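> Attaching a predicted model along with its sequence, questions to come.
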Amino acid sequence: MTMTSTTAVPAGSTRSWTTFTQAAAENADSRVMVGIHTRQSGIEGEAQGRLVGDYVVKHRLRQLDD
């Protein structure tokens, strides 16, 4: 997965990850580094995100008709 950032310096910088877990961890780390969140809030946020994702996959996603 690759993302082009509209707010990074330099403008238009890209970031790439091989898993969503890597992207989530980098996001959590960046929020701790700039003082927006604590390390614990990142850990708990990632865990909550996994629970929400698991629920959506199990209960809401449906196969598209061919």
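All right, it came through fine. Fair warning: this is a prediction, and the values are worked out from it, not measured in the lab.
> so how far is Asp65 from the residue nearest the centre of the chain?
The centre of the chain sits closest to Ala24, judged by C-alpha atoms, centre = their mean, with a distance of 3.3 Å. Spatial separation of Ala24 from Asp65 under the definition C-beta to C-beta, to the nearest Å is 32 Å. Where you see a C-beta, it was placed from the backbone N, CA and C, and this is true even at glycine.
> Kindly provide the distance from Ala11 to Leu61.
35 Å.
> just Ser30 next, same as before
Ser30 sits 29 Å away from Leu61, taking C-beta to C-beta as the criterion.
> Which one's more surrounded, the two?
Remark: of Ser30 and Leu61, Ser30 carries more neighbours, 12 against 8, as counted by other C-beta atoms under 10 Å.
> what element comes up after the helix or strand encompassing that one heading to the C-terminus?
Under the criterion of DSSP states H and E, Ser30 resides in helix 20-33. Read in the C-terminal direction, the helix or strand following helix 20-33 is helix 39-59, with elements assigned using DSSP H and E.
> can you pull the buried residues of that next one?
Within helix 39-59, the residues that qualify as buried by neighbour count (16 or more other C-beta atoms under 10 Å) are Gly42.
> how long is stretch 8-21 from one end to the other?
Start-to-end span of stretch 8-21 (C-alpha to C-alpha, to the nearest Å) is 21 Å.
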